[in-house]
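>>> Sequence first, then the predicted structure, then my questions.
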Amino acid sequence: MSNAEQFPERVSSMVNAGAMSGSGNLMDFLDEPFPDVGTYEDFHTIDWLREKSRDTDRHRKITSKSKESIWEFIKSLLDAWSGWAVMLLIGLLAGTLAGVIDLAVDWMTDLKEGICLSAFWYSHEQCCWASNETTFEDRDRCPLWQKWSELLVKQSEGASAYILNYLMYILWALLFAFLAVSLVRVFAPYACGSGIPEVSGS
């Protein structure tokens, strides 16, 4: 009989042995190595059944200990509310991060075309808002915002200005693409996957 055919019989014998001894724990069975069943490696999906079983066992232990003392009861309350607290913090941090990303995207997009002389971290729109010389009719142009050709060669019109602005645009785009690839490779190699299996499993 092959290992694959022995797999159901082994699971059944382990469950029966645990039930007779009175110490049956699902995690004990899951932690045992089974034939023809490998471990999860990089870029594999998460074993949600195993994680759910561990969380159930942890919750059962906390509930049983909550009757022993006041401190254990308080710990059980904190554990029960920890999910809501985490969700609240995640919501606040996600909203803050979304706002920062939105501002950064505007700034990085405009940086490919020019720069604000008063504060380089301002986007084109923010730079013109801060300028006292901007008029309602011409609100997108202000002395504080300069294109790269105006800043480097003091020209805003002509073929040379157009070529320089075009080259600076390409240069910044390549630099940002290289930065994104480097961040993923160094800090988040798992981000190179699609993430669809993890989202579907949750």
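Good, I have the coordinates. Numbering: from 1, shown residues only.
>>> what about the longest helix in this structure?
helix 70-111 (DSSP state H).
>>> which secondary structure elements does that one contact?
helix 48-65, helix 124-130, helix 159-187 (3 or more Cβ pairs under 8 Å, 6 or more residues apart in numbering; DSSP states H and E). Heads up, the C-betas are built off the backbone N, CA and C, glycines and all.
>>> please redo it, this time with the cut-off set to 7 Å
helix 48-65 (3 or more Cβ pairs under 7 Å, 6 or more residues apart in numbering; DSSP states H and E).
>>> So which bits of the helix it packs on are buried?
Within helix 48-65, the residues that qualify as buried are residue 53, counting by 16 or more other Cβ atoms under 10 Å.
>>> Between helix 70-111 and it, find me the angle.
Put simply, helix 48-65 runs at 140 degrees to helix 70-111, going by axes from the mean of the first three to the mean of the last three Cα atoms, to 10 degrees.
>>> Let the chain start at 43 from now.
Sure thing, new numbering starts at 43, so read that last one as helix 90-107.
>>> Render the CA-only coordinates of helix 90-107 in PDB, please.
Output of helix 90-107 as PDB, limited to C-alpha atoms (Å, rounded to 0.1, in the frame of the first residue of the first chain):
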ATOM      1  CA  TRP A  90      -6.000  28.800   6.600                       C
ATOM      2  CA  LEU A  91      -7.300  25.600   8.200                       C
ATOM      3  CA  ARG A  92      -4.200  25.300  10.300                       C
ATOM      4  CA  GLU A  93      -4.300  29.000  11.300                       C
ATOM      5  CA  LYS A  94      -8.000  28.800  12.200                       C
ATOM      6  CA  SER A  95      -7.300  25.700  14.400                       C
ATOM      7  CA  ARG A  96      -4.500  27.500  16.200                       C
ATOM      8  CA  ASP A  97      -6.600  30.500  16.900                       C
ATOM      9  CA  THR A  98      -9.500  28.300  18.100                       C
ATOM     10  CA  ASP A  99      -7.100  26.500  20.500                       C
ATOM     11  CA  ARG A 100      -5.700  29.800  21.800                       C
ATOM     12  CA  HIS A 101      -9.200  31.200  22.400                       C
ATOM     13  CA  ARG A 102     -10.300  28.100  24.200                       C
ATOM     14  CA  LYS A 103      -7.300  28.400  26.600                       C
ATOM     15  CA  ILE A 104      -7.900  32.000  27.300                       C
ATOM     16  CA  THR A 105     -11.600  31.400  28.000                       C
ATOM     17  CA  SER A 106     -10.800  28.500  30.400                       C
ATOM     18  CA  LYS A 107      -8.200  30.600  32.300                       C
END
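>>> Cross-check the contact I'm expecting between residue 191 and residue 199.
No - in this structure, residue 191 is not within contact of residue 199 by Cβ atoms under 7 Å, at 8.7 Å.
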